[in-house]
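A.B. asks: the sequence and its predicted three-dimensional model are supplied below.
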Amino acid sequence: MSWIILVIAGLFEIGWAVGLKYTHGFTRLWPSVLTAGAMTASVVLLGLALRSLPLGTAYAVWTGIGTVGTVLFGIFVLGEPATAARLACILLIVSGIAGLKILASH
């Protein structure tokens with residue numbers, strides 16, 4: 001269950017990172033409110049997951065989900081470049097997340 005909570009926390013991490021783009025420096029009310037809510041949910045869920053997951057692993061997975069999701073949002077929604085080098089770096093992050101998950105199970 002902790003891993004599911006951690007993944008949901010990571011999805012909220014994506015939400016607030018993307019939300020920052022739409023707050024325009026926290027000058028727009030509703031995007032700012034939603035972004036702050038996503039930040040809060042993300043950290044609270046991370047805290048719950050940390051009850052039974054190793055700190056280093058959980059934090060790395062949480063930030064990795066946020067990083068990969070935000071980059072993919074940028075590519076698919078905002079039209080940011082999807083160069084071979086960027087995609088290779090995303091693959092390295094995903095590989096690191098998978099490796100940490102596998103090693104945490106042992």
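C.D. replies: That came in fine, so what should we check first? This is a predicted model, so every value here is computed, not measured.
A.B. asks: count the neighbours of residue 59 for me.
C.D. replies: Here the number of neighbours of residue 59 (other CB atoms under 10 Å) works out to 16. For every residue, glycine as well, the C-beta is placed using N, CA and C.
A.B. asks: which SS class is it?
C.D. replies: Three-state call for residue 59 (DSSP: H, G, I helix; E, B strand; the rest coil): helix.
A.B. asks: OK, contacts around it?
C.D. replies: residue 46 (CB atoms under 8 Å, 6 or more residues apart in numbering).
A.B. asks: give me the contacts around stretch 15-27.
C.D. replies: Outside stretch 15-27, the residues touching it (CB under 8 Å, 6+ apart) are 28, 31-32, 34-36, 38-39, 42, 66, 69-70, 73, 78.
A.B. asks: list the buried ones in that stretch?
C.D. replies: Neighbour counts over stretch 15-27 (16 or more other CB atoms under 10 Å) mark 15, 16, 17, 18, 19, 20, 23 as buried.
A.B. asks: next one: the last one from residue 63, what distance?
C.D. replies: Going back to what we said before, that points to residue 23. Between residue 23 and residue 63 the distance is 20 Å, computed by CB to CB, to the nearest Å.
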